[in-house]
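Trainee: Build me a structure from this.
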Amino acid sequence: MRSEEKLQKDIDALEEARNRFITEIAKNIHLYNITPSAGRLYGTVFFAEEPMTLDEMSKAMGMSKTSMSTGIRSLLDANMVERVWERGIRKDLYKAEDDWYKSFSNVFINRWRNATELNLDAIKETKQLHLKLLKDTDSEDIRKKVTLDLEKLEEAEQYYYWLTNVISLFETGEIYDIVPKHKKSD
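Mentor: Got it, this is the predicted structure:
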């Protein structure tokens, strides 16, 4: 086999191997509330040897620059990519965030903090409505149901306070004292 043919075969094998990872990232990126196409974009930037411009991403993926801009914005919001600067280059450059733990933590914190706060607010409002009903009702059956509901709401509230503590572990980085980051072994 000629050396050029061998080189092309190796390049094709490298692209196939990379594409395997990119495909899985694109399939599972919804966990970060990101579209599969942005997941493919992430994979492209992840394997890039140098930071990329939107034009380079567009060419590499065969998609519009507008699509690249939308995708990169969602990846920036999730801290999966970062904007970098290089001397003499006027266009924005992007590279994959090296710290996967940071990306996960930020997404986890933002999604769970918001959901937890909304649920705690709903519990407090529901408890107030129940307490008013408990005071106003003449029905013993309704009082029993309200009392049971209040017990359930109290348990739910305790769970969300616990979850708030878990979220705080991620915000402060203390989670890594409990569950250390895995390091590459030598």
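Trainee: Let me know the pLDDT of the most centrally placed residue in the chain.
Mentor: A centroid search over the chain (CA atoms, centre = their mean) returns residue 32, at 3.1 Å, as the residue closest to the centre. Reported pLDDT at residue 32 in the predicted model: 84.
Trainee: Which residues are in contact with it?
Mentor: With contacts defined as CB atoms under 8 Å, 6 or more residues apart in numbering, the neighbours of residue 32 are 78, 80, 103, 107. C-beta coordinates here come from the backbone N, C-alpha and C atoms, glycine included.
Trainee: Repeat the analysis, applying 7 Å as the threshold.
Mentor: The contact partners of residue 32, by CB atoms under 7 Å, 6 or more residues apart in numbering, come to 78, 107.
Trainee: Same check on the one 10 residues further on?
Mentor: Residues touching residue 42, when contacts are defined by CB under 7 Å, 6+ apart, comprise 25, 29, 75, 80, 81, 96.
Trainee: measure it to residue 73 for me?
Mentor: 12 Å (CB to CB, to the nearest Å).
Trainee: With residue 82 instead?
Mentor: Using CB to CB, residue 82 is found at 13 Å from residue 73.
Trainee: Who has more neighbours out of the two?
Mentor: A direct count of neighbours by other CB atoms under 10 Å for residue 82 and residue 73 places residue 82 higher, at 17 against 12.
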